[in-house]
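**Q** What follows is a predicted protein model with its sequence.
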Amino acid sequence: MQSLVVEGGKRISGEIKLQGAKNSALPILAASILSRGETVLKNCPKLTDVYAACRILSHLGCNCLIEGNNIKVKSSVINKTEVPENLMHKMRSSIIFLGAVLGRTGECKLSFPGGCELGPRPIDIHLSALRKMGVTIKEEYGELNCTVEKELHGAKIILPFPSVGATENVILASVLAKGETEIKNAAREPEIVDLSNYLNCCGAKIVGAGSGTISITGVPYLSGCEYAVMPDRIVAATYLSAAAITAGELNITDIKTGDIESILPVFEEMGCYLYSYADNLYVNAKKILKPVKKLITMPYPGFPTDAQHMIMAALCKAKGTSMFVENIFENRYKHVDELVKMGADIKAEGKVAVVEGVDRLFGTTVNATDLRGGAALVIAGLAAEGITTISNISHIDRGYDEIEKALSSVGANVVRI
């Protein structure tokens, strides 16, 4: 089993190129099923979740070729409609293959997804929406058996919550469906826009992505295309946190600052100086870190739940008290106990966590319990005295493209063993 070993006390300084977004690459890979040509996906991060998605595509009959950060998917033939349990359990977002396979073949059989244990992510919103589009769904023995008796048809979908996964699944199922589909209370995340832009590049007719209402007009077929994945806004928050906790200075390239407008004010409140120009974001964190009065996670354009962990780690060294309120997922504070082992003063109960800044963190052996929690431990280790060893880093590899190399390139000492 691999671990990351972090030597603390090294100041972050330099320039770092932002990787492609995990949460955009995965739905786009699933969407490539809908095309009857070849998709060339550029700027795709090298992640275990991406490789898991490619294994699902290969199982279904696609031809996948990975060349560095480019992936070619030939989907002219889909000869299977069932995703085996062992492949579904590799990542939580595997449920997005439901809408894509249904859209292409009219049937799909799969088990419930795996990945990080973040509490329940009920997929009843997905299933209710798909039923309105003509899908018959039978749930038994932990499997979903989905069929379309005649053909998928458009429908007016009103989501009770702006679920990213449900929005993606409805989009994927509707682009080849007959008629018009309208999604009300749709998720507005930039990754939804990226998925829609890719599908439109293939010949889909989607308008309104990024707003609360998305309209899709079904088309007879989609062609392949060449497309570049958007930059990863959560990884950007991770690198900003690394600079903040080490009193560092960093320039992040290939970034879309418009996608992280809810994150930047938090770092400014912490006392960091930020300057954006073109596709670059410069941060200078040489001042003593200030606490954040209250950070509340919300659906986009609110503060993203995935960025909470790394910023909490940075605020462990702030001069004062910060409060976090988690409104998206349960079990989002599993990293707190590990940070406390390093000397952090954090009290968490229910949705609320209170962080009292400390003067010193100490290196020790800690365990990554989930993707973003693991990244938070890396951030804390950068400022801890001595050596921090982080185990179970397979979680981290699900979302970060060689995080040890990226951080080491700007002055950190992070080694994979």
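**A** Received, thanks.

**Q** Next one: Val135 from Cys108, what distance?
**A** For Val135, the distance to Cys108 equals 9 Å [CB to CB, to the nearest Å]. Any C-beta I mention is one placed from the backbone N, CA and C, and that applies to glycine too.

**Q** Ok, Glu385 next?
**A** 52 Å.

**Q** between those two, which one's more packed in?
**A** Between Glu385 and Cys108, counted using other CB atoms under 10 Å, the more crowded position is Cys108 (27 against 13).

**Q** What's the local residue count around Phe161?
**A** Phe161 has 12 nearby residues by other CB under 10 Å.

**Q** Tell me the spatial nearest neighbour of it, not counting adjacent residues.
**A** Distances taken as CB to CB, 6 or more residues apart in numbering place Ile125 nearest to Phe161, at 6.6 Å, with adjacent residues excluded.

**Q** any shared contact partners between Val135 and Cys108?
**A** Both Val135 and Cys108 are contacted by 102, 146, under the criterion CB atoms under 8 Å, 6 or more residues apart in numbering.

**Q** looking at it, the residue nearest to Phe161 is touching Ile157, isn't it?
**A** No - the pair Ile125 / Ile157 is not scored as a contact, 9.5 Å apart, by CB atoms under 8 Å.

**Q** What are the boundaries of the strands in the stretch 101-250 of the chain?
**A** Per DSSP state E, counting those that start in this stretch, the stretch 101-250 of the chain carries strands over the ranges 107-111, 135-140, 143-148, 156-158, 180-184, 205-207, 213-217, 226-228, 249-253.

**Q** Alpha carbons of the last one, in PDB - could you do that?
**A** Right, strand 249-253. Output of strand 249-253 as PDB, limited to C-alpha atoms (Å, rounded to 0.1, in the frame of the first residue of the first chain):
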ATOM      1  CA  GLU A 249       3.600  32.800  -2.900                       C
ATOM      2  CA  LEU A 250       2.200  31.000  -5.900                       C
ATOM      3  CA  ASN A 251       1.100  31.600  -9.500                       C
ATOM      4  CA  ILE A 252      -1.500  29.100 -10.800                       C
ATOM      5  CA  THR A 253      -1.800  28.900 -14.600                       C
END
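
**Q** and it, what's its mean pLDDT?
**A** Across strand 249-253, the average pLDDT comes to 98.

**Q** Any buried residues in the helix or strand just after that strand, and which?
**A** Next helix or strand after strand 249-253 toward the C-terminus (DSSP states H and E): helix 264-269. Buried positions in helix 264-269, judged by neighbour count with 16 or more other CB atoms under 10 Å: 264, 266-267.

**Q** Which strands or helices does helix 264-269 pack on?
**A** strand 273-277 (3 or more CB pairs under 8 Å, 6 or more residues apart in numbering; DSSP states H and E).

**Q** how about a cut-off of 6 Å?
**A** Using 3 or more CB pairs under 6 Å, 6 or more residues apart in numbering; DSSP states H and E, no helix or strand is in contact with helix 264-269.

**Q** average pLDDT for that helix?
**A** 98.

**Q** Name the residues that touch it?
**A** Applying CB atoms under 6 Å, 6 or more residues apart in numbering, the contact partners of helix 264-269 are 240, 274, 292.

**Q** again, only using 10 Å
**A** The contact list for helix 264-269, computed with CB atoms under 10 Å, 6 or more residues apart in numbering, reads 236-237, 240-241, 243-244, 257, 260, 272-274, 276, 281, 283, 285, 289-293, 295, 303, 307-308, 311, 314-315, 318, 322.

**Q** Narrow those residues to those that are buried.
**A** Neighbour-count burial (16+ other CB under 10 Å) applied to the contacts of helix 264-269 gives 236-237, 240-241, 243-244, 257, 260, 272, 276, 281, 283, 285, 289-292, 295, 303, 307-308, 311, 314-315, 318, 322.

**Q** Among those, which ones are in helices?
**A** 236-237, 240-241, 243-244, 308, 311, 314-315 (DSSP state H).

**Q** what distance separates the start and the end of stretch 29-46?
**A** 13 Å (CA to CA, to the nearest Å).

**Q** which stretches of this structure have low pLDDT?
**A** Low-confidence segments of the chain, defined by pLDDT under 70: 113-122.

**Q** Can you show me the helices along it?
**A** 22-31, 48-60, 85-88, 96-105, 124-132, 164-174, 190-201, 233-245, 264-269, 308-315, 336-341, 371-383, 403-408.

**Q** Okay, buried residues for the last one please.
**A** Neighbour-count burial for helix 403-408 flags 403-404, 406-408 (criterion: 16+ other CB under 10 Å).

**Q** rewinding a little: now for Ile125 and Ile157: what residues contact both?
**A** Taking CB under 10 Å, 6+ apart as the contact rule, Ile125 and Ile157 both touch 166-167, 170.

**Q** got these as a markdown table, with distance to Cys54 columns?
**A** Below are the shared contacts of Ile125 and Ile157 laid out as a markdown table (distance: CB to CB, whole Å):
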| residue | distance to Cys54 |
| --- | --- |
| Ala166 | 24 |
| Thr167 | 23 |
| Val170 | 24 |
